[in-house]
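Chemist: A predicted structure for the sequence below; I have some questions about it.
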Amino acid sequence: MTTTYTSYQLISSDLQTSLKRVSEQPDVKRETEYYLEKIGGVKSVDDFFADSRLYNYVMKAHGLEDMAYAKAFMRKVLTEGVDNKDAFANQLTDTRYKALAESLNFARHGEIATIMESAQKGTVDKYTRQTLEVSAGEDNTGVRLALYFERMAPSITSGYSIIADDAIAQVVRTALQLPAEFAATDIDRQAAYYEDVLKLDEFKDPSKVGKFLERFTSMWELENPTGGIDSLAAFQPSGLIGISTDLLLSINNLKLGGR
């Protein structure tokens, strides 16, 4: 049986070939061709939500498939953009929403938002990478976690960055051999602990990330000899931070139809 580390290395060591192979899969190629053909004609947030195929492509590209039903929530993310520090996406702990708002930045660019590189090649690249990671996770969740961590590691700037992303936090807890209960302890103490025992700047160094993931995959093998399918829960959208009760209530009252 191939180990988690070996499976991860087979993909990561020649990532471009792995991505090219995924992009040539008939279903991926078909959806990508449709996306590139149609997205440039989208001139507004309304246009975007009117084409469910485009919408679903973008949601998958950003790892937010499980939130595709919440169109009113996503509309708020896209309508407000990211330029204002009080914008909705900037108030969410999960950085995937901010990344989506930046890639389709209607708030900043208006009608030309969809011809920007971030909306075209940038989104296609994300879709291909996301498809690769999901596919790897079908055989072994640990491989998906490792690939995800490898991609996101440079964005880790503090202990809070780890806590804010459930998948990253799971990788770190596993590598450090921390019990699952650690995630339920005081957030400030968690952040301080991570910053004390980890050299966060090393996560910007691919070779150091590789060493960390070697440790993670070894620990993963011990804890999840069959691949740990239940750990896919780490990829569910996470919570909100810094939002008033009134805003939370208004979000809950939004209709899921997108308006």
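Modeler: Good, I have the coordinates.

Chemist: give me the low-pLDDT residue ranges for the stretch 151-259 of the chain?
Modeler: Along the stretch 151-259 of the chain, segments meeting pLDDT under 70 span 226-259.

Chemist: ok, 90 please
Modeler: Within the stretch 151-259 of the chain, the stretches with pLDDT under 90 are 155, 164-165, 180, 223-259.

Chemist: hey, where'd the helices end up in it?
Modeler: Under the criterion DSSP state H, counting those that start in this stretch, the stretch 151-259 of the chain contains helices at 159-163, 166-175, 187-197, 206-223, 245-253.

Chemist: Now tell me what touches stretch 95-103 from outside.
Modeler: Contact with stretch 95-103 is made by 58-59, 61-64, 74, 77-78, 80-82, 87-90, 92, 107, 118-119, 122-123, 126, 155, 164-165, 237, as judged by CB atoms under 8 Å, 6 or more residues apart in numbering. To be clear about C-beta, it is placed using only N, CA and C from the backbone, and glycine gets the same treatment.

Chemist: Which ones among these lie within helices?
Modeler: Among these, the members falling in helices (DSSP state H) are 58-59, 61, 74, 77-78, 80, 107, 122-123, 126.

Chemist: Could you identify the most distant pair in the residues you listed?
Modeler: Distances among the ones in helices among the contacts of stretch 95-103 were taken as CB to CB; the most separated pair is 80 and 126, at 20.9 Å.

Chemist: The helices of the stretch 151-259 of the chain: which one's closest to residue 49?
Modeler: Comparing the helices of the stretch 151-259 of the chain by CB to CB, helix 245-253 comes nearest, at 17.0 Å.

Chemist: quick check, nearest of the ones in helices among the contacts of stretch 95-103 to residue 21?
Modeler: residue 126 (16.8 Å).

Chemist: Surely the closest one is in contact with residue 62?
Modeler: Yes: with contact defined as CB atoms under 8 Å, residue 126 reaches residue 62; the gap is 6.3 Å.

Chemist: what about burial for the contacts of stretch 95-103, which qualify?
Modeler: Buried subset of the contacts of stretch 95-103 (neighbour count, 16 or more other CB atoms under 10 Å): 58-59, 61-64, 74, 77-78, 80-82, 87-90, 92, 107, 118-119, 122-123, 126, 164-165, 237.
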